[in-house]
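# Sequence below, structure please.
(one chain, ligands or ions: 2)
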Amino acid sequence: MVPRYIMVGGFLGAGKTTTVGRLAQHYMDQGLKVGIVTNDQTTDLVDTHTLRSQGFDVGEVAGACFCCHFDALTSTVENLGTGELPDVILAEPVGSCTDLVATVIRPLEQVYQLPLEIAPYGVILKPSHGLRILRNADQSEKRSGFSPKAEYIFRKQLEEADFIIINRIDELDAAQVDELSSLLEAEFPDRYILRTSAKTGEGFPALTELLDQKGAFGQRVMELDYDVYAEGEAELGWLNSQVVVTADAEFALDGLLTDLMERLHQRLSVADAEAAHLKIIGLCDASYAVANLVSSETGPELSLASNSQTKSANVVINARVATDPEVLEAVVREELKHACDAIPSNFEVLSLQSFKPGRPVPTHRILN
Ligand SMILES: Nc1nc2c(ncn2[C@@H]2O[C@H](COP(=O)(O)OP(=O)(O)OP(=O)(O)O)[C@@H](O)[C@H]2O)c(=O)[nH]1
Ligand SMILES: [Mg+2]
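Ligands and ions are numbered 1, 2, ... in the order given. Take a look at the predicted model:
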């Protein structure tokens, strides 16, 4: 069986990891061997912890995106499974990346030595920012909380899709979903549009049916202004950190994550710094909790409760916010201290990287 490569694209916080987890379970339930590749600009990936905690076989490309570190993608794929490649490879690129058809899919077809079957390339639309960006067709105003350059990336991601997934339909009303559909049809004609909830599984039978189709997919190579792309990405502050929290008395892990996320939300709102995605995973013994913030408007969410009391937890924080990395780092360090003081507990920062993503320089870019 030729392994099937399924890449799930979409902006930061669109629901890629949640979708990948649900798809992985679907294929495993069918008796297929599944491997997942996560990706980030640096180490300490919440996504890797989240998917491994669900029991999946996960390899990560940490340190550069798939496009700029193509050989790391292929070597990570080869290290999945035990001895032979999995039947299904699910890959999640960095949510600020675009041009993935030319820099990942084409090279997999034309440069990579091992045969892979390329599934239709689906890109998830993030409704919270999507509505604000797509409504604003002239791109001259900063209505989404992001600059026109970051919005350019958002649009380009959708442009190269074989099909577009409107996610989070569980919390949208019918009129919003219809409006999103019409906006997408007008701007990106000929893309099949799916409606899903990665949270509830609604729309997933149609998604897996679409992903099972055989044919020439991932063909929409596009023009892209790498200067605008680079500047749009560089407007985001990026922070990954791993922290150990310890206390003399047991504390609620979910409470720590919720409190920390609320504090961060509050501080970023005051600073007018739009959150693209903040994610925090807390791990203790056999349990874990996840908290997310996908836009300043929607507010923080405990997306997975651990219901655990513990005296010690590993906390991994990933933040992508439209602000300077120095500002982001200061906010995270201060609010981490406040959240730990409130328990009370001690914390030790094991690692912390904060930076602006560098200019993307793809290993390959194949336009034909
Ligand atoms: N209500 C609702 N929440 C969702 C849905 N899909 C994802 N989420 C939540 O949205 C947040 C972001 O989801 P992720 O799957 O981590 O998003 P992502 O695209 O992988 O994010 P990055 O890796 O940072 O780019 C999490 O809190 C999820 O629980 C959905 O269909 N409905
Ligand atoms: Mg993710």
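# Sketch out the strands for the stretch 151-300 of the chain, chain order is fine.
163-166, 192-195, 237-252, 275-284, 287-293 (DSSP state E, counting those that start in this stretch).
# any chance of the ones you listed in a markdown table, plus mean neighbour count and distance to Ser308?
The way it works is simple: take the backbone N, C-alpha and C, and place the C-beta from them, glycine included. Formatted as a markdown table, those follow (neighbours: other Cβ atoms under 10 Å; distance: least, Cβ to Cβ, whole Å):
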| stretch | mean neighbour count | distance to Ser308 |
| --- | --- | --- |
| strand 163-166 | 24 | 33 |
| strand 192-195 | 18 | 35 |
| strand 237-252 | 18 | 7 |
| strand 275-284 | 25 | 6 |
| strand 287-293 | 23 | 4 |
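# With respect to ligand 2, which of those lies nearest?
Set against ligand 2 and scored by Cβ to the ion, the strands of the stretch 151-300 of the chain come closest in strand 275-284, at 7.6 Å.
# Kindly calculate the angle that that closest one makes with strand 287-293.
Using axes from the mean of the first three to the mean of the last three Cα atoms, to 10 degrees, the inter-axis angle of strand 275-284 relative to strand 287-293 is 170 degrees.
# The residue nearest to Pro86 when sequence neighbours are not counted sits in which helix or strand?
Leaving aside its sequence neighbours, Pro86 sits nearest to Gly35 (Cβ to Cβ, 6 or more residues apart in numbering; 3.8 Å). Assigned by DSSP states H and E, Gly35 belongs to strand 34-40.
# near ligand 1, which residues of this protein show up?
Proximity of the chain to ligand 1, by Cβ under 6 Å from any ligand atom, involves residues 10, 12-18, 47, 95, 167-168, 170-171, 197-199, 277, 279, 292, 294, 301, 303.
# Other residues contacting the helix or strand following the strand holding Gly35?
Later in the chain than strand 34-40, the nearest helix or strand by DSSP H and E is helix 46-53. Residues outside helix 46-53 that contact it (Cβ atoms under 8 Å, 6 or more residues apart in numbering): 17, 20-21, 24, 36, 38, 40, 58, 60, 62, 92, 279-281, 283, 288, 290, 316-318.
# can you tell me if helix 46-53 touches ligand 2.
Yes - counting by Cβ under 5 Å from the ion, contacts between helix 46-53 and ligand 2 involve Asp47.
# re the thing from before, quick one: contacts for the residue nearest to Pro86?
With the criterion set at Cβ under 8 Å, 6+ apart, Gly35 makes contact with 57-59, 77, 80-81, 85-86, 88-90.
# can you check Tyr27 too?
Contacts of Tyr27 (Cβ under 8 Å, 6+ apart): 34, 87-88.
# Out of the contacts of Gly35, flag the one nearest to ligand 1.
Proximity of the contacts of Gly35 to ligand 1, judged by Cβ to the nearest ligand atom, is greatest for Leu90, which lies at 11.7 Å.
# need the contact list for the closest one.
The contact partners of Leu90, by Cβ under 8 Å, 6+ apart, come to 6-8, 20, 23-24, 34-37.
# and it, that one's in a strand?
Yes - counting by DSSP: H, G, I helix; E, B strand; the rest coil, Leu90 is part of a strand.
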